[in-house]
Structure formats: C-alpha cells, structure tokens
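1. Just the structure for this:
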Amino acid sequence: MLVHGFTQTGASWRPVTAALRRALPGLELLTPDLPGHGASPPLPAEGGDALRDAAARLGEAGGTASYLGYSMGARVCLRLALDSPRLVERLVLVGATAGIADPDERRARREADEALAARLERLGLEAFLDEWLAGPLFSHLSRGQADRAARRANSVAGLAWALRHLGSGATEPMWDELPALAAPLLVLAGEGDERYAALAGELAAAAGPPAEVRLVPGAGHAAPFEQPDAFAGLLAGWWPAQRPESG
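-> Purely as a prediction, here's the structure:
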C-alpha cells in the first residue's frame, strides 16, 4: 500500500511503482486516495478522530499488507500501525513526523493550516497549486516530478478538509507511542531535506531497534518522486531482511 501526501492522489505514485517493480519484482502495489483527495471524499464531520478514522479506512482497503506512506500519508500509516498492528507487516515512512509534541506549536500550526485552507477556498485549486508547488519543499521539482495532472484530480473542498482535519496541527502527536510499534520500520528522507532527515533519526530512535534510517541521495522532501530508482534501490536493500513472521 503506497499512501500519498497532501495535494497528491494515488496516481502520483506511477513513476515510483515502475521503479519498485524493477527493484522488487512480484509485488502487488496498491495506491489508494486518502480521504479528501482524488476520488475519496472527506470523512463524516461529526466528532471522532480524523487521523484514526483515515487510518481505519486505509486498513479496511489494504488488509494485511506492507504500508509505505509519504508525508501526510506517512502519519496515516503510522496511526494504522499503532492501532491495528496485525494488519501492518512492514512500515516505511518517508518525509515523516510523528506529529507536533509541543501544544503551543501544535496550536500555531492548526491556525496556520486553517488560514491556508481559507486561502485555498479563496484562490481556487489551480492558483493554490501554483503557490504550493512554489514553496520551499517543492520549488526545485521538475514539471514531471511535480505531476500537476494528478494533483488536479483533487477538489478545493476535499483539500481544505484535509488541512483542517489531517494536518499535523489538528492531530495528536504519536511520539510516546512509537516504542509500541510491532512492524519492522524503515524511515526514509531525502538527503537534501535537512528537517525531515533529522526527524527520520528522531523517529527511528524513539521507535528503537531494529528501526532503520536511510537517506535518498540527490533528493529533497519529495524523495520518491525526485529519485524513484534510488528510492526503490534503498527499499529493495532493506525489504528481503524484513519478512513478516507469517512468511
């Protein structure tokens, strides 16, 4: 199960799935749309915990599988691994954080995401994507790496919902739960993505052995999409040694 980030869709994984099939032949690769993205509508608004609900929906779609999540998708996969460990055979987190631990920082991020959602609603999808892809994490991407075609399958309402309910300001941090992870864990980041490379080390340290960290050479935050072959090669080097107990 390959789980995309904010403003992407399952179709965003196409260049990565091609590289993974070369590096790890025989895998069945599924690329769902997160709630609020692509063909997947926002979750019901009444009460609940949107991150847990999104993780539960992902688990229902994928069943027992290996889960690889990027950015926002990584937090959904992590929540699933903590809530339903029997479903997650292997866990790969890319460009990930376990949330914002400091309550004041989390509140500030929630307010920033609310302002961003309101700006999205004012600007419309195309203008918002212009701004989003011009930001510091993505401005270096080529046209193909940015893959606006996949992002255009989103709606303003869906993305605004995701910012308000799945953003790291709106969700509880998971750092204290990481030692309970049962699945083999690989944390990946682009070597040029200093913030998330540091967070990768913090995630693996908090989870404890045998969690591993690997950095994708020549890549920033969007590492799988910038360097799909290098990304797939790193994954292939780790994968065979992390066989589920069921075989």
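2. isn't residue 147 right up against residue 222?
-> No. Using CB atoms under 8 Å, residue 147 is not in contact with residue 222; the gap is 9.6 Å. C-beta coordinates here come from the backbone N, C-alpha and C atoms, glycine included.
3. So between those two, which is more surrounded?
-> residue 222 (25 against 21; other CB atoms under 10 Å).
4. Where do the strands of the protein begin and end?
-> 2-3, 65-70, 88-94, 185-190, 212-216 (DSSP state E).
5. which neighbours does the first one have in its sheet, and in what orientation?
-> Here strand 2-3 has these sheet partners by DSSP bridges: strand 65-70 (parallel).
6. in the longest helix seen in the chain, what's buried?
-> The longest helix of the chain (DSSP state H) is helix 103-123. Residues of helix 103-123 classed as buried by neighbour count (16 or more other CB atoms under 10 Å): 106, 109-110, 113-114, 116-117, 120.
7. Generate a markdown table for those, with pLDDT as supplementary columns.
-> Shown next, in a markdown table, are these (pLDDT from 0 to 100):
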| residue | pLDDT |
| --- | --- |
| 106 | 97 |
| 109 | 97 |
| 110 | 97 |
| 113 | 97 |
| 114 | 97 |
| 116 | 98 |
| 117 | 98 |
| 120 | 98 |
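8. Quickly name whichever of those residues is closest to residue 181.
-> residue 106 (21.7 Å; CB to CB).
9. mind checking how far the closest one is from residue 171?
-> Applying CB to CB, to the nearest Å, the value for residue 106 to residue 171 is 9 Å.
10. Give me the local confidence score for residue 111.
-> Note for residue 111: predicted pLDDT of 98.
11. wait, what's in contact with it?
-> residue 169 (CB atoms under 8 Å, 6 or more residues apart in numbering).
12. measure it to residue 134 for me?
-> 22 Å.
13. residues near residue 177, how many?
-> 18.
14. what's the closest non-adjacent residue to it?
-> Closest residue to residue 177 apart from its sequence neighbours, by CB to CB, 6 or more residues apart in numbering: residue 82 at 5.2 Å.
15. Around the one you found, count how many other residues there are.
-> What residue 82 shows, counting by other CB under 10 Å, is a neighbour count of 20.
16. try the one 5 residues further on
-> For residue 87, the count of nearby residues is 20 (other CB under 10 Å).
17. Looking at the nearest residue to it once chain neighbours are set aside now. What's its pLDDT?
-> Leaving out its chain neighbours, the residue that sits closest to residue 87 by CB to CB, 6+ apart is residue 59, at 4.9 Å. Model confidence at residue 59, given as pLDDT, is 98.
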